[in-house]
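> Got a predicted structure plus its sequence, pasted below:
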Amino acid sequence: MTDRTTWVITDGKAGHVTQAMGLAEAMGFDTVEKTILPAIPWRWLPAAFWPRGVSGLGGEVDLLSGAPPDLIISCGRHAVGPALWVKSRGTGRSFHVHVEHPRVDPRRFDLIASPKHDGLEGPNVIPVMGSLHRVTPQKLSAAAAEFEPRLAQLPHPRVAVLIGGNNSVYRLTSAVTDQLADGLHRLTQEFGAGLMVTASRRTGAAEEARLRDRLADLPCMFWGGTGDNPYLGYLGSADAIVVTCDSVNMASEACSTGKPVYVVELESHRDSKFAAFHRSLADAGITRAFDGTLDRWTYEPLDETARVAAELRRRMELAGCAT
């Protein structure tokens, strides 16, 4: 433990919490999570339009009361205004880093960790490939050891299959599900693979049921959302990983393992920042398109969380903030 303090300020969305908490854990300060949603009308307005000195929290301003912390980590657009308000109360004490593009003047922050595919530049901007997260080698090793007894009957090589689903850009259709199932059949039949499959809420009941039915006769463990989440156990135990393209977080976590990562393309109606992100991974030799084959290749594990934390410590020291 340390006498340094961090406030993690987010809107509570899982992707935002994961990124901000991953960075907080890498810093190692005493951490307090602050989940906020600005009051009306502030939640409707981009933070760029907020007057300085406005918390945006209305009657919930007590949530951010008390001595400002040494470090503020915010993530998500709803966190921008409240975090800047906390920073303004700190009279220079609080160092503020925002994760993701803040959509306001970058000079208002001490540091910004923004995805490369967002194109934000500046002296206080660290371009990040993918997203920050909470996955570490230590967590993966511990989860794999804990999970191993449940996988005793599953053959090697073991392949973790991480299924997302529909979002504003991608659709998981029945045709995609069938194509994925065909590829997974090939993994088991030609390569002797055992499958560790997990679906998300965005997968949808119909496509999850369709995939379960197609994989029913294969050596497969399929987690559907009840009981302990085996996600880290899957990643830690896998010899290779198959992941759908709809989640930057999920792909980033898979690529942090250093294991071969295959990406499943979903149906899309337009080009997007997701596509730019996946092109960067493929161009770096980290991922390949999933085609039902199983190969081995090596790459430097994608550990952007540790890289950002190291730069954050350096800049805090330069700013006179002991770390």
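Okay, I see it. Numbering: from 1, shown residues only.

> Look up how far D3 lies from M250.
35 Å (CB to CB, to the nearest Å). Any C-beta I mention is one placed from the backbone N, CA and C, and that applies to glycine too.

> bridging residues for A289?
The bridge-partner assignment for A289, based on DSSP bridges, gives V263.

> typo on my end, it should be L71
Applying DSSP bridges, one finds that L71 bridges with T6, F95.

> tell me the contacts of it?
4-7, 24, 27, 29, 94-97, 312, 316, 321 (CB atoms under 8 Å, 6 or more residues apart in numbering).

> quick one: pLDDT of it?
pLDDT, L71: 96.

> and what of E265?
95.

> Count the neighbours of it for me.
16 (other CB atoms under 10 Å).

> Can you pull the domain assignment for the protein?
5-129+304-318, 137-289 (automatic domain parsing).

> quick revisit: may I see the contacts of L71 arranged in CSV, with neighbour count as well?
Compiled in CSV, these are given as follows (neighbours: other CB atoms under 10 Å):
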residue, neighbour count
R4, 17
T5, 17
T6, 26
W7, 25
A24, 23
M27, 22
F29, 19
S94, 22
F95, 23
H96, 23
V97, 28
L312, 23
M316, 20
C321, 18
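
> Now tabulate these in a markdown table and tack on pLDDT and distance to K273.
Below are those laid out as a markdown table (pLDDT from 0 to 100; distance: CB to CB, whole Å):
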| residue | pLDDT | distance to K273 |
| --- | --- | --- |
| R4 | 90 | 34 |
| T5 | 94 | 33 |
| T6 | 96 | 28 |
| W7 | 96 | 28 |
| A24 | 98 | 25 |
| M27 | 97 | 27 |
| F29 | 96 | 31 |
| S94 | 91 | 30 |
| F95 | 95 | 28 |
| H96 | 96 | 24 |
| V97 | 97 | 21 |
| L312 | 97 | 24 |
| M316 | 94 | 29 |
| C321 | 78 | 32 |
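
> Out of those residues, which is nearest to G59?
For the contacts of L71, the residue nearest G59 by CB to CB is W7; the value is 19.5 Å.

> Strands along the stretch 1-150 of the chain, start to end?
5-10, 30-35, 71-75, 95-99, 111-115, 125-128 (DSSP state E, counting those that start in this stretch).

> So for R296, which of the domains of the chain sits nearest?
domain 137-289 (6.0 Å).

> what about the closest one, distance to the chain center?
Its chain's C-alpha centre and that of domain 137-289 lie 15 Å apart, by CA atoms, centre = their mean, to the nearest Å.
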